[in-house]
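Novice: Sequence first, then the predicted structure:
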Amino acid sequence: MTILVTGATGNIGRMLVDHLLARGATDVRALTNHPEKAHLPAGVEVAHGYLRRLDTLPAAFDGVESVYLAPTPDTVEDVLAVATRAGVRHVVDLSGPHDGHWGDVARAVEASGIPWTHLWPGEFMENAGILAPQIMDAGVVREPFPTAGNAPIAMDDIAEVAAVTLLEDGHVGKSYELTGPETLLRAELVRRLGEALGRNIEYRQVSFEEGVEVLTPAMGEYARWYLEGMATLVDPQQANSVFEDIVGRPATTFTRWAAEHVHEFGG
């Protein structure tokens, strides 16, 4: 069974390639726009292409039975048309609920008629990296919503769920809301980062506009959008056990993730 991993040199896609191989997959094709920089493991077939360059896709999809679909809402319908013509039998997509930011992807996958599995992760633990400039510059995190909270999940855990759902039966037609193992308020998340670094990191509540100003160097035009989303989390997202139910082990804790990524925060 040929499995096509789109976005294979992006964060989740690259991790997924490793998880597929670790679970015994022997026919993995990796779609990448920069094959010379891919550094993919031996035995992985490299397909030169990109989901926003539709002319590159027919050859990449040829003979493929299952696909991990990275989210590109602007071209997703055309990509799925290519997949349909190629005879793809299962799409595992990274998307979100129909009324959410990535809902267009989920709706398009369902409308394609290809059997599907949706992965709907919450915030990535890796998004904590947007705080690194503040932590390294002043040891202070300035945000407007200290009691906003969610249950962040590690990208590697998302990739592992994707591998399981691509390789094992029983996941077609399922929508999986993926969270980490615990709900963390923003002030607590910053405290955990400080523990990993071995020093106190102050969380300072500021106005919304100051928060946008502080985040703009790291996030550009998305800083306001990100904080507007955070404002909706004053009723904190609750953790669930979906990852553990699918994979069979506990999800990665933020404490563990932070300890493994201290170098990104000046540690």
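Specialist: Yep, it's here. Residues are numbered from 1 along each chain as shown.
Novice: alpha carbons only for contacts and neighbour counts from here, please
Specialist: Noted.
Novice: for the closest residue in space to S95 that isn't next to it in sequence, what are its contacts?
Specialist: Distance criterion C-alpha to C-alpha, 6 or more residues apart in numbering; nearest residue to S95, sequence neighbours excluded, is W102 at 5.0 Å. By C-alpha atoms under 8 Å, 6 or more residues apart in numbering, the contact set of W102 is P71, P73, S95, G96.
Novice: W102 and P121, how far apart?
Specialist: Noted for W102: a distance of 11 Å to P121, by C-alpha to C-alpha, to the nearest Å.
Novice: joint contacts of the two?
Specialist: S95, G96.
Novice: now the strands: where do they sit in the chain?
Specialist: 3-5, 28-32, 45-48, 66-69, 90-94, 116-121, 140-143, 149-150, 175-178, 184-185, 202-205 (DSSP state E).
Novice: Looking at those, which one is packed in the most?
Specialist: strand 3-5 (a mean of 27; mean count of other C-alpha atoms under 10 Å).
Novice: Show me what it pairs with in its sheet, parallel or antiparallel.
Specialist: Note on strand 3-5: by DSSP bridges, its sheet partners are strand 28-32 (parallel), strand 66-69 (parallel).
Novice: how near is the residue lying closest to L233 once chain neighbours are set aside to V109?
Specialist: The shortest distance from L233 to any non-neighbouring residue, by C-alpha to C-alpha, 6+ apart, is to A148 (4.8 Å). Counting by C-alpha to C-alpha, the separation of A148 from V109 is 32 Å.
Novice: what would the contacts of W102 look like in CSV with distance to M219, neighbour count and pLDDT?
Specialist: Listed next are the contacts of W102 as CSV, based on distance: C-alpha to C-alpha, whole Å; neighbours: other C-alpha atoms under 10 Å; pLDDT from 0 to 100:
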residue, distance to M219, neighbour count, pLDDT
P71, 19, 19, 94
P73, 20, 18, 95
S95, 21, 27, 97
G96, 21, 23, 96
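Novice: export the residues you listed to JSON lines and tack on distance to F265?
Specialist: Formatted as JSON lines, the contacts of W102 follow (distance: C-alpha to C-alpha, whole Å):
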{"residue": "P71", "distance to F265": "28"}
{"residue": "P73", "distance to F265": "32"}
{"residue": "S95", "distance to F265": "29"}
{"residue": "G96", "distance to F265": "29"}
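Novice: can you tell me which residues contact G266?
Specialist: Taking C-alpha under 8 Å, 6+ apart, one finds A132, I135, M136 in contact with G266.
Novice: just the buried members of these?
Specialist: A132, I135 (16 or more other C-alpha atoms under 10 Å).
Novice: ok, so of the contacts of G266, who is nearest M230?
Specialist: Nearest to M230 out of those is A132 (C-alpha to C-alpha; 17.8 Å).
Novice: Contacts only, for that closest one.
Specialist: E264, F265, G266.
Novice: separation between the first one and D235?
Specialist: Same thing as E264. If you go by C-alpha to C-alpha, the gap between E264 and D235 works out to 29 Å.
Novice: Name the residue in those two with the higher neighbour count.
Specialist: The neighbour comparison of E264 against D235 (other C-alpha atoms under 10 Å) goes to E264, with 14 against 11.
Novice: Surely that one touches G129?
Specialist: Yes - assessed by C-alpha atoms under 8 Å, E264 is found in contact with G129 at 7.1 Å.
Novice: and V140, bridged to which residues?
Specialist: E202.
Novice: what's near enough to touch it?
Specialist: Q134, I201, E202, Y203, R204.
Novice: of all the contacts of W102, which two lie farthest apart?
Specialist: Once C-alpha to C-alpha is applied, the contacts of W102 give P73 and G96 as the farthest pair, at 11.4 Å.
Novice: Spit out the residues that contact the two alike.
Specialist: W102, V105.
Novice: what residues are up against A70?
Specialist: T6, G7, G13, D93, L94.
Novice: can you check A251 too?
Specialist: I153, D157, G180, P181, F243, E244.
Novice: change it to 6 Å
Specialist: By C-alpha atoms under 6 Å, 6 or more residues apart in numbering, A251 lies in contact with G180, P181.
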